[in-house]
Each structure stands twice: as C-alpha cells, then as structure tokens.
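Participant: Sequence plus the predicted model coming up.
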Amino acid sequence: MASTFSTVFLKPARTSSDGSRGLARCGPFVRRLRRGTTTRVQAGAAPREVLDARQRSKLDGSADTQFYGTPRLVHHLDANFRAQLTALYDTKIADGAEVLDLCSSWVSHLPPGRRYSRVVGHGMNAAELAKNERLTEFVVRDLNREPSGWAFADESFDAVLCCASIQYLQQPEAVFAEIQRMLKPGGVAIISFSNRMFYQKAIAAWRDNSDYGRCTLVKSYFAAAGGFGPAEVIKQVQVQPSSNPLAQAQLWAERLFGGGNTDPFFAVVANKL
C-alpha cells in the first residue's frame, strides 16, 4: 500500500513593519509531523484507465527523484504565458480560498493582489518549494511512485492547480481521482501547459501528441475520475498591460529574441460537481 503524506514543511511567519504576520521570504523552515488529517482513498472501484503501458513510458526511465534533485530556480515558460496564467487564476480563485499547487516550484503564478487562507505546495524539490513565498506549507512526494493515498482530508481545497507538469504524470488517472476527492463541491481544477517539456521525462502519450490531442487527453483524465462538470479548454486569457517597467522590458525582450513568437497557452479547467 502506498504511504501517505506524513510530513508537511510549514514555512515560518515573519512580523512585518505594521505588526502583521506574513510568510518569511526565505531561510530555514520547520519540519513538523501533520497529525489527525490522514485519509486514504476509500476502497472501491479504481479510476478508469485512459493510458496503456506504452503510453505511460518515458525515454529516461531513471528515478525522478534523481532528475529533480537539483533546484532549478528559473522560469520554464515565457512572460506572456505566465501573465495569462496569473490572470486566469485571478478570475477562477476567490480571496480566502484554500489552494493546492501540485508539481509546484519556487513560484506559483498566483495573483499578488489575492490573499488566500492556505496555499499548499507539492513538488519534488524541497529547496525550490522553500523559496516559494506564496506557500504556507509544502510536501515533497513522487506522484509517479505514490499517486494515491494523500494525507489531505476529503473536500479540503477550493482549487487544485498544476502548471507545466501534467506531461510527466505516469498515473494521471489516480492523481485526478485524488484531485476530485480533495476538492470541495464547486471547487476548480486548473491544468495549464504549453508545448515545452523535458522531452526525455514526458510520457509517450504526451510526446507523440498534438496540442489538440494533449488538451483532449487532459479532458479524458477528468472524465476518468468522474464527479466533474464539463472540462473547458482555454487557449487565451485577456491580460491587462503591466505598469511595471521591468515586466514590460522582459516581455519585449522575450518577443524580440524569440522571433516574435510566444509560448502557446493552454489550460483545461473543470469544476467538481
């Protein structure tokens, strides 16, 4: 039986100049055991399988823990994609929400003007997650080895996010079943991606597909989990021009050196019934 998330890293708060408590910018974090919240997937029918064994395969079969062992404190998608993702989160996630950011890193792309009651990060590298200022806590877990049995209570999150990582999941059916279990009724799951990937670590079903096929594939994961409304594919999000000169310069430079091209934006969004 797969083990559960037994350890959560709680990021320490700091006292700001106005006396309020906020997240520490960086530095040491506290390791504590999370008690009283362990729940396992209920016994019953397993989620319907979408992929066969070949489709789950990767060119690089080495341990994912080894591949992700070194922190990568860089952006994997361009400024235009990130701006669209932040704008989408702004419209889909309300203030005060409890958020789970799956396959997260040192940034979560959440809108800076929003305040959430809890943001849990999941990832493969503790050093990256510790740098993420939006997280209140985080967990490290290899979802390809342990896709089920997460220690989060049923209906405990308003939103579950996964950015630029769906292509690496070898057991997506089990992961989406957990997403469905953890979301509150009406809660939203947002799966976003572009055409970039670590090619050797992406599953065959993703590598061998078109952009349209990948969107259809993610929709099939929602359908296999059950309990979701119709999944919507979003290919463009209206973004207000940034007033930040640095952000404007970065966007201009990326377009210039990229030949005028930008990373295509895709998000598949579904709400729990």
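Facilitator: Now that the structure is in, tell me what you want to look at.
Participant: Asp211 is in contact with Pro264, isn't it?
Facilitator: Yes - Asp211 is within contact range of Pro264, at 6.6 Å (criterion: Cβ atoms under 8 Å). From N, CA and C alone the C-beta is placed, and that goes for glycine too.
Participant: need the next SSE after the helix or strand bottoming out on mean pLDDT in the chain, C-terminal direction.
Facilitator: Every helix and strand of the chain was ranked by mean pLDDT, DSSP states H and E. The lowest is strand 30-33, at a mean of 28. For strand 30-33, the succeeding helix or strand toward the C-terminus, using DSSP states H and E, is helix 64-67.
Participant: And that next one, what's buried?
Facilitator: Asp64 (16 or more other Cβ atoms under 10 Å).
Participant: Low-confidence bits of the stretch 1-150 of the chain, can you list those?
Facilitator: Scanning the stretch 1-150 of the chain for pLDDT under 70 picks out the ranges 1-45, 69, 72-76.
Participant: Which residue ranges of it form helices?
Facilitator: 64-67, 79-92, 126-131 (DSSP state H, counting those that start in this stretch).
Participant: With distance to Cys163 as added columns, please give the ones you listed in a markdown table.
Facilitator: Shown next, in a markdown table, are the helices of the stretch 1-150 of the chain (distance: least, Cβ to Cβ, whole Å):
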| stretch | distance to Cys163 |
| --- | --- |
| helix 64-67 | 17 |
| helix 79-92 | 6 |
| helix 126-131 | 13 |
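Participant: How many residues are close by the closest residue to Asn209 other than its chain neighbours?
Facilitator: What sits nearest to Asn209 in space, not counting adjacent residues and going by Cβ to Cβ, 6 or more residues apart in numbering, is Leu217, at 6.4 Å. The local packing of Leu217 (other Cβ atoms under 10 Å) involves 20 other residues.
Participant: do Gln170 as well
Facilitator: Gln170: 20 surrounding residues under other Cβ under 10 Å.
Participant: now Arg207
Facilitator: By other Cβ under 10 Å, neighbour count at Arg207 equals 17.
Participant: Please list all residues in contact with it.
Facilitator: Contact analysis of Arg207 by Cβ atoms under 8 Å, 6 or more residues apart in numbering lists 59, 197, 199.
Participant: Just the pLDDT for it.
Facilitator: For Arg207, the pLDDT comes out at 97.
Participant: what is in contact with Asp211 and Pro264 at once?
Facilitator: Residues touching both Asp211 and Pro264 by Cβ under 8 Å, 6+ apart: Asn195.
Participant: circling back to that earlier point, do you know which of the helices of the stretch 1-150 of the chain lies nearest Tyr116?
Facilitator: helix 79-92 (10.2 Å; Cβ to Cβ).
Participant: returning to what we had before: ok, and which of the helices of the stretch 1-150 of the chain has the densest surroundings?
Facilitator: Stretch with highest mean neighbour count among the helices of the stretch 1-150 of the chain: helix 79-92 (a mean of 20; mean count of other Cβ atoms under 10 Å).
Participant: how about stretch 204-224 as CSV, C-alpha atoms only?
Facilitator: C-alpha atoms of stretch 204-224 as CSV (Å, rounded to 0.1, in the frame of the first residue of the first chain):
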residue,chain,number,x,y,z
ALA,A,204,4.8,8.8,-24.7
ALA,A,205,1.1,9.8,-24.8
TRP,A,206,2.2,13.4,-24.5
ARG,A,207,5.3,13.4,-26.6
ASP,A,208,3.5,11.7,-29.5
ASN,A,209,0.5,14.0,-29.5
SER,A,210,-0.5,17.4,-31.0
ASP,A,211,-1.6,20.4,-29.0
TYR,A,212,-5.2,19.5,-29.7
GLY,A,213,-4.6,15.9,-28.7
ARG,A,214,-3.0,17.0,-25.4
CYS,A,215,-6.0,19.1,-24.5
THR,A,216,-8.3,16.1,-25.3
LEU,A,217,-6.0,13.9,-23.2
VAL,A,218,-6.4,16.1,-20.1
LYS,A,219,-10.1,16.2,-20.6
SER,A,220,-10.1,12.4,-20.6
TYR,A,221,-8.3,12.4,-17.2
PHE,A,222,-11.2,14.5,-15.7
ALA,A,223,-13.7,12.2,-17.3
ALA,A,224,-12.0,9.1,-15.9
